[in-house]
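A.B. asks: fold the following, please.
(2 chains)
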Amino acid sequence: MNALISNLDSVLASFWATIRLTVVSAIFALILGTILATMRVAPTPVFRLAGTVYVNTLRNTPLTLVLLFCSLGISNVLKLNFSDDPSVNGYWFAVLGLSAYTSAFVCESLRAGIGTVSLGQAEAARAIGLTFVQSLRLIILPQAFRSVIGPLGSVLIALTKNTTVVIVAGYAEAAYLMSEMIYEGSGTVPIFLGFALGFIVLTLPTGFFFSWLSKRMAVVR
Amino acid sequence: MRLRRFGALLLSAAALSSLAACGGGSDSYASVVEKAEKTKKLTIGVKFDQPALGLKKPDGSVEGFDVDVAKYVAKQLGVDESNISWKETISKNREPFIQQGQVDLVVATYSILPERKEKVGFGGPYILAHQDTMVRGNETSISKVEDLKGKRICQASGSNSYKRITDPPPNGRSIEAQLVPAGSYGECVERLKGGTLDAVTTDNLILAGFASQGGDFKILGVPFTDEKYGIGMKKGDTSTCNKVNEAITKMYQDGTATQLLQKWFGAAKGLEFPTTPPQFEPCS
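C.D. replies: Here you go, the predicted model:
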C-alpha cells in the first residue's frame, strides 16, 4: 500500500497513459469499424470480400501478435516510424495496433445493428431515389448505431483492458508499471488490488454510461 | 435440475483439485540436501528465455550456463541430471516459487541482493556478472557509458538495469538517455538490430548470450556494478547452502567452470573469465 502512495505520481501518470491510449484508439476504431461495416454490406463484391478478410483476420489474431507485428514488423523491419522520439513512436504504434484490432469488433457489432433495421427501411430509401451511401448515412446507420450502443460499450471496456498488453509495441501504461512495481518487490497483493481498482474506476462508469445511453437512445419500433 | 447437477460437478472438481494440491506438497523434507538424498530428485528453476544462460529449446530440453551449473551442483548433491525437473522461473516469481516450495533451487541469473536475502537464502555466488552495454557492430558514436546521453536505450520489463544509467547517484549515473520500453531483452536485441534503439545495457553474461546467437553486435567492455549470481533456496537452509558452496568450489577446482564459461560465452568479445570461485556470501 505504501508503495502505491509513495509512487502516486507515476501511478496516476500510467493510468493517464491508459486513458490516452483508450480514447484515441476508440475514436480510430469507431471510424475504421464504420468504414468496414459499410464495406461488408456494400453491393460491390470486392468491398464485401476485402471487409470480410480484414475482419476475420484481425478478429482471430491474438492482440499481442498484432501489436508485435506493429513494433517489430512495421517499425523495426520495414523502418516506417511515426516519430524519432521513442515514447511518441511507441504510443502511435500502440494506437495503430489497438484500433486495427478493435475496429474488427466495432464492425461486427455495427453489422448486427444494421441487421436490426427492417428491410422495408432500406427498400423505401432506395424507392425515393437515395444511393447506397445516402441510404446508409441517412436512414440505416443512425438507427443501427442507436441499437448497438450497449455492445459498443462492451467493446470499449474490452479495449480499455486490452491496453494492458501494449508493452510489446513499446509503450508503457498502467499494467507495465504494475509489473515493474511488483518486480521491485514492494508487496504483490496490495499493488495488484490497487491497479485492479484503478481499472474498475475506468471501466465501471463506462459500463453504466453506455447502458444509460442505450436505454435513452433506444429506437422504439 | 441440470444446473444443480452442473454445480455439483464443479464442486466435486474443486474439491478434487484442492485435495491434489494438498497431496503434492514437497515440503516434508528439512532441507534440499535431505530431499536430494532421499528421493534422488530435484526441481530446479531456470530461465527459459535467456540464450546461453537458460533457454528452452523446441524439443523441450533446456540448455545454457545456468543449466549446466545446476546440473553440476545437482550431481554433487547426488541427483542425476535425468532426475532434475526443470521449471521456468521468471524474474518476478523467483522468490514466491522458492517460498512456496515449487522449486528446490533457483539458478536463473539470480543476483544476490540484500532485499532478496530477507525472503530467500543464497548459495554462491557462482559467477560475478557486471553491467555492460551492447551496441550494433558498426556503431562508432558510443564507446563508453557517458556516450549514452540522448541515445535510445532499452527498458526491459522485469529488469532495473536502465536505472544504473538514468537514476541519480548513488543508484545510477544521471545520464539522460531516452528509454524505450520493451517486453523482454529478446525484444530489446531485436530492436537494436532493426535500429529502433541504440544500446542495450544489462549484465554482460546476458548480453554475451544474445551476441552468441548471431547478429552483428559488440559489447563495449566497460563494466560497472557487480552482480553476484547466486543459487536461490529456502531461507535458513544452511546445510544446502554449504553443500552448494562446496560444489561450486569443486566446479572451479576441476576446471569445469572455465570450460563451461568458454563453451557458452567464448564467442563474445570483451569478456574475461575467472578461474577461481567468487568470494562466497556467508550461509546464514
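
A.B. asks: how far off centre is stretch A:180-199?
C.D. replies: 25 Å (CA atoms, centre = their mean, to the nearest Å).

A.B. asks: could I get the buried residue list for it?
C.D. replies: In terms of neighbour count (16 or more other CB atoms under 10 Å in any protein chain shown), stretch A:180-199 has its buried residues at A:Glu180, A:Met181, A:Ile182, A:Tyr183, A:Ser186, A:Thr188, A:Ile191, A:Gly194, A:Phe195, A:Gly198, A:Phe199. C-beta: built from backbone N, CA, C; applies to glycine.

A.B. asks: and chain B, which of those contact it?
C.D. replies: Counting by CB under 8 Å from any CB of the partner chain, the subset of the buried residues of stretch A:180-199 that neighbours chain B consists of A:Glu180, A:Ile182, A:Tyr183, A:Thr188.

A.B. asks: contacting residues for the second one?
C.D. replies: By that I understand A:Ile182. Counting by CB atoms under 8 Å, 6 or more residues apart in numbering or on different chains, A:Ile182 touches A:Thr188, A:Ile191, A:Phe192, B:Lys92.

A.B. asks: now the third one
C.D. replies: Residues near A:Tyr183 by CB under 8 Å, 6+ apart: B:Ser91, B:Lys92, B:Ser157, B:Gly158, B:Ser159, B:Asn160.

A.B. asks: now with 10 Å?
C.D. replies: B:Ile90, B:Ser91, B:Lys92, B:Asn93, B:Ser157, B:Gly158, B:Ser159, B:Asn160 (CB atoms under 10 Å, 6 or more residues apart in numbering or on different chains).

A.B. asks: which pLDDT does the model give A:Val23?
C.D. replies: Per-residue confidence (pLDDT) for A:Val23: 95.

A.B. asks: mind listing what's buried along the host helix or strand of it?
C.D. replies: In the assignment (DSSP states H and E), A:Val23 maps to helix A:8-40. Buried residues in helix A:8-40, defined by neighbour count with 16+ other CB under 10 Å: A:11, A:14-15, A:17-18, A:20-22, A:24-26, A:28-30, A:32-34, A:36-40.

A.B. asks: list the helices and strands the helix or strand following it packs on?
C.D. replies: Note on helix A:8-40: by DSSP H and E, the next helix or strand toward the C-terminus is helix A:45-59. Counting contacts by 3 or more CB pairs under 10 Å, 6 or more residues apart in numbering or on different chains; DSSP states H and E, helix A:45-59 packs against helix A:8-40, helix A:86-116.

A.B. asks: export the helix or strand just after helix A:45-59 as PDB, just CAs?
C.D. replies: Next in sequence after helix A:45-59, counting helices and strands by DSSP H and E, comes helix A:63-68. The C-alpha trace of helix A:63-68 is given here as PDB (Å, rounded to 0.1, in the frame of the first residue of the first chain):
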ATOM      1  CA  LEU A  63      -3.800  -8.800 -29.900                       C
ATOM      2  CA  THR A  64      -0.200  -9.400 -28.700                       C
ATOM      3  CA  LEU A  65       0.700 -10.600 -32.200                       C
ATOM      4  CA  VAL A  66      -1.000  -7.600 -33.900                       C
ATOM      5  CA  LEU A  67       1.000  -5.300 -31.600                       C
ATOM      6  CA  LEU A  68       4.200  -7.200 -32.000                       C
END
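
A.B. asks: by proximity to chain A, which residue of the stretch 151-284 of chain B wins?
C.D. replies: With CB to the nearest CB as the measure, B:Gly194 is the residue of the stretch 151-284 of chain B nearest to chain A, at 3.1 Å.
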